[in-house]
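**Q** Quick one, what's the 3D model for this:
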Amino acid sequence: MGDAPENRYDTSDEPQPVQDMVAWFFTEYEDPSENCPRDDGEFQYIWGGPFDAEDVLTEKYEGVVTPGDLARAIEVLSDGGEWSKVPPADEEDDPEPDEDAGLGDEDDEPPESEP
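**A** Below you'll find the predicted structure:
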């Protein structure tokens, strides 16, 4: 989930802002082949997408980092093509919503607050 492929996106020799932008990107986006089903050979972007790295990084970081660092982060990710959102952690293995998730028993009392 959201992990950069080992060598393809290695940024260890890049300036820290580039490393940070690429690392952030992989917490939010991934290759659609990771978790998107296909229909007639086409990805079904059930978690959102397709997204373009340039659009995403520009929207988030333009004016926050130097134009050169932004351009370099975009370049690092440019050969990735289209991206999908990383599925929520609780839905990655089971995309069906859990109807009982987060619901307690009616008899459950709220915890007492401390003074």
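
**Q** Apart from its neighbours in sequence, what residue is nearest the spatially most central residue of the chain?
**A** In the chain, the centroid-proximal residue (Cα atoms, centre = their mean) is E28; its distance is 1.5 Å. Distance criterion Cβ to Cβ, 6 or more residues apart in numbering; nearest residue to E28, sequence neighbours excluded, is V86 at 5.9 Å. Glycine gets a C-beta too; all of them are placed from N, C-alpha and C.

**Q** Give me the longest strand you can find in the chain.
**A** Ranked by residue count under DSSP state E, the longest strand found in the chain is strand 82-85.

**Q** name the helices or strands packed onto it?
**A** Here strand 82-85 touches strand 29-30, strand 51-52, going by 3 or more Cβ pairs under 8 Å, 6 or more residues apart in numbering; DSSP states H and E.

**Q** Deepest in the core, which of these is it.
**A** Burial of those is given as mean neighbour count (mean count of other Cβ atoms under 10 Å); strand 29-30 ranks first at a mean of 24.

**Q** Look up how far P88 lies from the nearest residue to V22 once chain neighbours are set aside.
**A** Nearest residue to V22 in three dimensions, chain neighbours excluded: T11, at 4.9 Å (Cβ to Cβ, 6+ apart). Distance, T11 to P88, using Cβ to Cβ, to the nearest Å: 26 Å.
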